[in-house]
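# what follows is a predicted protein model with its sequence.
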Amino acid sequence: MNQSNEKQIWNDHFLQESVKKNYNEAPDGPVSKEAVWQRINSELTEDSSRKHSRFINTKVLSVACVFLILVISSMFFQLKGGEAFGWFTDYFIRDQGKSTQIINQLSDKEITTDNLPPLPNRDDLEVKELIPIEEKMSLTEANATVSFTLLNPTVVPEGYTLKDVTVITFADYPKEKAFLTYEGAESEFTIHQEPIVGEQYSSNITVNNKHAIVETININGSDATYLGFSNGKAELIWLRMRTLITIKGELSLSDMKKVAASLN
């Protein structure tokens, strides 16, 4: 066999192998609707244990996803500066006969008697003098100055207008307060806002029942304390997110509730 014939044989052999390979690997042709249905029906009737296992895994995964969404939804809130956190609050009023005690607590951890911080030793206490820096400014300037979302009411009693805004900061200490004062023909009221600093916050107010009445009211889903004093003045105190809000002035309970509910 000469070299030319041998080369031709190898070429033919290579061509045959290539054709066989392409034939075997050729894609399937269009499948009829009947064939598709038979394939789906066959997959649906596979081994029951395998199907049951797959169903349970899918169900567990779905429950886990829902739980994760609920946890995230309960912990995250959109605040100024992109802050996001979770917290627990504890609020109750204790009537002690001649006086009423109002206790309000907020913590990044669940509040229980086991995780309350121990009382510090008096000898270990460090007294630091806080130097307040007080400035009067416009509402726009105040919003740009404070690090928290400054709330202002969309509803105020008839005849009242914004008189001034005062911002108090402290040198070398992350504490700030804002006061919005509204003036009427014969009186005024102030909305005091102060963000909570630190992991835990607790306030304890004791009121003499002879000189004030104490009521718990609802402000957009949060418990608030209304203090009506015998001299005609009143206060409304509550926590919103991590901001302590107090409205003070000679306003009726109805007017205070309207102002508080409109804060945004």
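Alright, I've got the coordinates. Since the model is a prediction, treat every value here as computed from it, not as a measurement.

# please, where are all the helices along this structure?
Ranges of helices within the chain are 3-24, 33-44, 48-75, 139-145, 253-261, based on DSSP state H.

# between the ones you listed, which gets the lowest average pLDDT?
Mean pLDDT across the helices of the chain is lowest at helix 48-75; the value there is a mean of 45.

# partner residues bridging the residue nearest to residue 260 when sequence neighbours are not counted?
Spatial nearest neighbour of residue 260, excluding adjacent residues (Cβ to Cβ, 6 or more residues apart in numbering): residue 219 at 4.8 Å. Where you see a C-beta, it was placed from the backbone N, CA and C, and this is true even at glycine. As for beta bridges, residue 219 partners with residue 222 under DSSP bridges.

# what about residue 219, distance to residue 140?
As judged by Cβ to Cβ, to the nearest Å, residue 219 and residue 140 stand 26 Å apart.

# again, but for residue 241
Taken as Cβ to Cβ, the span from residue 241 to residue 140 is 22 Å.

# between these two, which one's more packed in?
The neighbour comparison of residue 241 against residue 140 (other Cβ atoms under 10 Å) goes to residue 241, with 17 against 9.

# and that one, what's its pLDDT?
pLDDT for residue 241: 80.

# ok, residue 251 next?
The model's pLDDT for residue 251 equals 95.

# give the contact list for it.
157, 189, 234, 259 (Cβ atoms under 8 Å, 6 or more residues apart in numbering).

# how does it look with 7 Å?
By Cβ atoms under 7 Å, 6 or more residues apart in numbering, residue 251 lies in contact with 157, 189, 234.

# state the distance from it to residue 184.
9 Å.

# what's the overlap in contacts for those two?
residue 157.

# what's stretch 132-149 in contact with?
79-81, 150, 152, 162, 164-171, 176, 178, 195, 243.

# what's the end-to-end length of that stretch?
21 Å (Cα to Cα, to the nearest Å).

# tell me where the stretch 151-264 of the chain has strands.
161-170, 173-183, 188-195, 200-208, 212-219, 222-229, 234-240, 243-249 (DSSP state E, counting those that start in this stretch).

# what's the burial count for residue 192?
17.

# mind splitting this protein into its structural domains?
The record's domain parsing of the chain by automatic domain parsing lists 32-75, 83-114+130-261.

# need the contact partners of stretch 174-186.
With Cβ under 7 Å, 6+ apart, stretch 174-186 has contacts from 142, 146-147, 150, 152, 156-157, 159-169, 188-195, 197.

# kindly apply the preceding question to stretch 213-224 instead.
Here stretch 213-224 has contacts from 91, 93, 100, 102, 207, 225-228, 236-240, 257, 260-261, using Cβ under 7 Å, 6+ apart.

# quick one, which of those are buried?
Neighbour-count burial (16 or more other Cβ atoms under 10 Å) is assigned, among the contacts of stretch 213-224, to 91, 93, 100, 102, 207, 225-228, 236-240, 257, 260.

# start and end of stretch 243-262, how far apart?
End to end - Cα to Cα - stretch 243-262 spans 16 Å.

# what's the answer for stretch 142-157, then?
23 Å.

# before we move on, back to that, out of the strands of the stretch 151-264 of the chain, flag the one nearest residue 131.
strand 161-170 (6.3 Å; Cβ to Cβ).
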